[in-house]
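Trainee: Generate coordinates for the sequence data below:
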Amino acid sequence: MAQPPILSWEGLGLQQGGRWLFGAPETDGLHLHVGPRDRLALIGRNGAGKTTLFRMINDQVEADRGTRKVKPGTRIVVLEQEPDFTGFETLMDFALSGEHPPEAYEVEAIAGQLGIDMTTAAKGASGGEMRRAAIARALAQDPDLLLMDEPTNHLDLAAIDWLEGWLESYKGAFIVISHDRTFLKRLTNATIWLDRGILRRKEVGFGGYEAWEEQVYAEEARDAHRLDTKLKMEARWLERGVTARRKRNQGRLEKLWEMRARRAAMIDPKGSAKLGLAADEENKSKSVIVAEKVHKSFADRKIIRDFSLRIQRGDRIGVVGSNGAGKTTLLKLLTGELEPDEGTVTVAKTLNGVMIDQQRALLTPEKTVRDVIAEGSDWIDVRGTRKHVQGYLKEFLFDPGLVDTKVATMSGGERSRLLLAREFARKSNLLVLDEPTNDLDLETLDLLQEVIADYEGTVLIVSHDRDFLDRTVTLTLGLDGSGFVDIVAGGYEDWEKKRAKRNAPVKTKSSKAPQTKAAAASPPAPKKAKLGYKEQRDYELLPARIEELEAAIGKGEAILSDPDLYTTDPQKFADISKGVENARAEKDAAEERWLELAERVEG
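Mentor: Numbers count the residues shown, from 1 in each chain. Model prediction:
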C-alpha cells in the first residue's frame, strides 16, 4: 500500500521578472508529490527554474499561487550548488550553522569518511573542500527530504563513490539536480521533468528518461500536425535538435570504438605506450606531444613515475583520478607548462592550445551576450569561418533573441554554456578542458560531446564525469596516487575494468582464449542485418552525398559572409541563403537515414 506523501504542492505558480516562470494562470499550475522513500531526478534545461523550485520546496521563496503541504515533523535539508561560506572562520563553523544545526561529532564522523579537515579556514578553501563540508553539514542534519543541487561538482571519484554508497542506504527521500548521468542512473527510481513551465513525472529512474523525453516531443509534434499549428520555436527546435543530435552521436560512438581499437594496439600489457610502434614517419608527423620516461616529484613525494606516451593529432585523452593524485601536474607536463625532473616532453611547435576551465567569474556581469561572444559585433569568426552571432548562439542551444541579454541575468549553467561558445570559436589545434561538464544541463552535455567529436585537433579532458568520458575519449590516463599512470584505450569504465582485473585473484587456468587488445577495447561484434537493394545502395552512396552537401554548405556560407552582398545583390543573397537552408535539411535527412541503416547493419 502506497504511503502518503511527506510533501505535496498543488497548483504551484511563480512569477519572475514580470513573467510566469511556471504555473501561469491559464494553466492548472505545477503539481508535486514526494513520498517518504522517493529517489527523484529533477531534469530541466538551464534556466528552466530547477534551483528556484528547490527553494520553493524548502519555503525559501514564496509562491504566487498554489497550496503547499508538509507532513508535520518533516525535516527538509538543501545541499546548495554554491553554498555561501561568508562570515565563517572555519569549515566546521559553517557546518554547525543552519536551520537544523547538527552535533559536531556527527559532522566529524561524516567528514572523516569524506577525507576533509573541518578545522580548515573557510576563506581560501578549495572548491572540493567546500563541497565536502557542505555535504557533511547536510547529511549530519538527518533529513527526511534531502534536496541536492549538483552534489558531485568539485568531488573526486572516491568522494562520489562514497556519496553514492551513503545515498543507497539512506532511509529518507531525496530530489537531485545533476549533470552526472552515471550518478542519476545508479540512484534514482523516478524522474520529474521541468520543461517550458510544466512539471511531468514518470515512475522510471533516469535510465529511462531520454526515451520518455523523445516520446513526449514526438507526441507533441503529432498533435501539432493534427491541429495544423506550430509548436513554440523553442519546443520545435528542442524536439528536432535533441533527437537528431542523439542519433548523430550514436554514429560518432561507433567511430569512437574504432579509434579506441586502433589505440589499443599501441599499448603494451603493462599499460605503457609502445612508442616503437609509432616510430614510422607517418605517425611521427601526426604526433603533437611525446613524453618519454617522465618523472616528477614535489618534496619527497613522487607524483609521476616512468611515464611515456605519444599523443597524436585527433586523440581525445581523458585524465582521471582522485584529488591530489597528480592530474593537474600531468596536464602541465603534457602541455609544456611544467618541466619534468627526468625524461623529456616534446611539444609540437605548431601546437596552439585553448584552455577552457569553466571560470564563469571571467564573464563580466554588465556585458551582453553579444559583447562576450563577438565583442559587440553582429559577426563572429569561428575557427576561420565567419558566422552571424545569432546563428552561432543557436548552435549552442541559445534562443537567438538573447543576444542583447546581460550576463548578470543568466543562470550558472547558461554562463558556462556561453563560455564554451566563446572559447570554441577560437582558432586552435589543442583543447584543454578542466571539468567542462560542471553546471551544464543534459542537452548541453550532448552538444559538448558532439563539438568535441567534430573537433579536428587534439583534446585533453580532466573530468570526474564518468558517463561523459565513456562517450568522448579514445584514451584514458588513470592516476591512483602511486605515481604510475595507467594508459587505457577507452573511457572511465575501461579503466575501472582494468583496475578490477589487476586487483582480482590470479587464475591459473582458463577455458577461454584471451582477447586481443583490439577486441578488449571495443564491444563484441553484433549480428549484422541484411539490407534490401535500395537500402544497400543508400548505405553505400549516402556518405559521399553528405560530403557533397557539406561542401556546398561551406561554399554558400563563404559567399554569404561578404557583408556587402545583401545590399549590392539582395536577390543573390536570398537565393544562396535558400540553397544553404535546403542543403542543410537534405544533409540532416541523409545523416539520419544513413545512421538508421548503419544501426541495422551493426545490429
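Trainee: Okay, now the unreliable bits of this structure?
Mentor: Counting by pLDDT under 70, the chain shows low-confidence ranges at 1-2, 223-254, 257, 260, 262-285, 357-362, 503-530, 563, 566, 598-603.
Trainee: Outline the domain layout of it.
Mentor: 1-74+144-158+171-208, 85-142, 252-352+430-448+457-505, 359-427, 527-601 (automatic domain parsing).
Trainee: so which of the ones you listed comes closest to residue 214?
Mentor: domain 1-74+144-158+171-208 (11.1 Å; C-beta to C-beta). For the C-beta atoms, the positions are set from N, CA and C on the backbone; glycine is no exception.
Trainee: Off-centre distance for the closest one?
Mentor: 21 Å (C-alpha atoms, centre = their mean, to the nearest Å).
Trainee: Contact partners for residue 151?
Mentor: Contacts here follow C-beta atoms under 8 Å, 6 or more residues apart in numbering; on that basis residue 151 touches 79, 135, 163, 176, 178, 183.
Trainee: Could I get the full set of strands for the stretch 301-450 of the chain?
Mentor: 301-312, 316-321, 342-347, 353-356, 379-382, 385-388, 430-434 (DSSP state E, counting those that start in this stretch).
Trainee: Redo the domains of the chain as TSV? Include distance to residue 218.
Mentor: Formatted as TSV, these follow (distance: least, C-beta to C-beta, whole Å):
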stretch	distance to residue 218
domain 1-74+144-158+171-208	14
domain 85-142	38
domain 252-352+430-448+457-505	16
domain 359-427	20
domain 527-601	14
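Trainee: Which ones among the contacts of residue 151 lie within strands?
Mentor: 79, 176 (DSSP state E).
Trainee: Neighbour count added to the contacts of residue 151, as TSV?
Mentor: Below are the contacts of residue 151 laid out as TSV (neighbours: other C-beta atoms under 10 Å):
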residue	neighbour count
79	23
135	24
163	22
176	24
178	22
183	24
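Trainee: For the stretch 401-550 of the chain, which segments count as helices?
Mentor: Assignment of helices within the stretch 401-550 of the chain using DSSP state H, counting those that start in this stretch yields the ranges 412-424, 442-454, 466-472, 492-503, 517-520, 533-560.
Trainee: most packed of those helices?
Mentor: Most buried of those by mean neighbour count (mean count of other C-beta atoms under 10 Å) is helix 466-472; its value is a mean of 23.
Trainee: Please identify which of the strands of the stretch 301-450 of the chain is closest to residue 122.
Mentor: Judging the strands of the stretch 301-450 of the chain by C-beta to C-beta, what sits closest to residue 122 is strand 430-434, at 23.6 Å.
Trainee: Which other helices and strands does the closest one contact?
Mentor: strand 353-356, strand 458-462 (3 or more C-beta pairs under 8 Å, 6 or more residues apart in numbering; DSSP states H and E).
Trainee: So which of those strands is the most surrounded?
Mentor: Buried most deeply of the helices and strands packed on strand 430-434, by mean count of other C-beta under 10 Å, is strand 458-462, with a mean of 23.
Trainee: Can you name every helix or strand that that one contacts?
Mentor: When contacts are defined as 3+ C-beta pairs under 8 Å, 6+ apart, strand 458-462 packs onto strand 316-321, helix 327-334, strand 430-434, helix 466-472.
Trainee: How about residues contacting stretch 396-416?
Mentor: In contact with stretch 396-416 (C-beta under 8 Å, 6+ apart) are residues 17, 45-47, 51, 81-82, 233-234, 241, 358, 360, 363-370, 372, 389-391, 393-394, 417-418, 420-421, 438-441, 443-444, 447.
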